[in-house]
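> A predicted structure for the sequence below; I have some questions about it.
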Amino acid sequence: MSFSSILRDLADYLAYEAEEGDREIEIAPDVLKSLGTAARRPPAAPPAARTLQTIADEVAACRKCPLHAGRTRTVPGQGSAHPEILFVGEGPGAEEDRQGVAFVGRAGQLLTRMIEAMGFSREQVFIANVVKCRPPGNRTPLPEEMAACLPYLREQIALLKPNVIVTLGATAIKGLLHTDTGITRLRGKWVSFEGVDVMPTFHPAYLLRYPKFKKEAWDDLQAVLRRLGREPPPVDRKRRAR
Ligand code: URA
């Protein structure tokens, strides 16, 4: 009970006693003591507003799963605070763990080219992962590690309010939707997460290994552009060849 509500009750009681003509009232010692305690208690702080930075700070201190033990830096994700597109990968690799930035290794360079082919820069989108700490030896994150980390991504999505989420690879979509369906069957078909349209596509690391699937990935990204009411920029033939 707050001090002001205790005071209000006391004032009501005194007014009632005065109406009854009483000049004296008895207050039990423990009631007097609790009034004193309530008066000395500092007012409760309003809940702190959640921001991308407060989430990143919480991630930096997180020990909710064993991945914290092997990390150099946490990788909360980065980019525009109000992006049209949120890209979600699996988890940081060695370079991301060193820099604390998502998708900066070889796969990240291909992701950058995919984003630019769509007519965006990395700064205009947001890039994150399902898990924010590097799994040892770049192994796939375990379901319980993804489940422990998912609340951070959920909060990021609520703040970012992206128009579309693009998941990269089988693990990212599995982490979001808890599905066991393979990426080959899932890719290219719209699904939904927290009310946001999600387009699953291949992971850039997979595309580096199997370049023949780049065409399918580009089809998926074009579907995203259509959903956003955008046209892909004119093809730069020299870039497409890379
Ligand atoms: N692979 C991912 O899934 N995420 C990264 O940040 C880097 C590589």
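Perfect, thanks for sending it. Numbering: from 1, shown residues only.

> what are the bridge partners for the residue of the chain found nearest the ligand, then?
Among all residues of the chain, G89 sits closest to the ligand, at 2.8 Å; criterion: CB to the nearest ligand atom. C-beta here means a position set from N, CA and C on the backbone, and glycine is covered the same way. Beta-bridge partners for G89, by DSSP bridges, are N129.

> element containing the residue nearest the centre of the chain?
Of all residues in the chain, the one closest to the mean position by CA atoms, centre = their mean is L153, 2.2 Å from it. Assigned by DSSP states H and E, L153 falls within helix 143-160.

> what's that helix in contact with?
50-52, 55, 58-59, 62, 64-67, 76-77, 81-83, 86, 88, 126, 128, 130-133, 135, 141, 165, 171, 174-176, 178, 193-194, 196 (CB atoms under 8 Å, 6 or more residues apart in numbering).

> same deal with stretch 101-118?
Contacts for stretch 101-118 (CB under 8 Å, 6+ apart): 75, 77-78, 85, 87, 89, 92-96, 121-122, 125, 127-129, 168, 203-205, 207-208, 217-218, 221, 224-225, 230, 232-233, 239-240, 242.

> how about that stretch as PDB, C-alpha atoms only?
Output for stretch 101-118, consisting of C-alpha atoms alone and laid out as PDB, is shown next (Å, rounded to 0.1, in the frame of the first residue of the first chain):
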ATOM      1  CA  VAL A 101      28.800  -6.700 -35.100                       C
ATOM      2  CA  ALA A 102      26.400  -9.100 -37.000                       C
ATOM      3  CA  PHE A 103      27.300 -10.400 -40.500                       C
ATOM      4  CA  VAL A 104      30.800  -8.900 -41.000                       C
ATOM      5  CA  GLY A 105      32.600 -12.100 -42.200                       C
ATOM      6  CA  ARG A 106      32.500 -13.600 -45.700                       C
ATOM      7  CA  ALA A 107      28.800 -14.500 -45.400                       C
ATOM      8  CA  GLY A 108      28.200 -10.900 -44.200                       C
ATOM      9  CA  GLN A 109      29.900  -9.500 -47.300                       C
ATOM     10  CA  LEU A 110      27.500 -11.500 -49.500                       C
ATOM     11  CA  LEU A 111      24.600 -10.400 -47.300                       C
ATOM     12  CA  THR A 112      25.700  -6.800 -47.900                       C
ATOM     13  CA  ARG A 113      25.600  -7.400 -51.700                       C
ATOM     14  CA  MET A 114      22.100  -8.900 -51.400                       C
ATOM     15  CA  ILE A 115      20.900  -5.900 -49.400                       C
ATOM     16  CA  GLU A 116      22.400  -3.500 -51.900                       C
ATOM     17  CA  ALA A 117      20.900  -5.400 -54.900                       C
ATOM     18  CA  MET A 118      17.500  -4.800 -53.200                       C
END
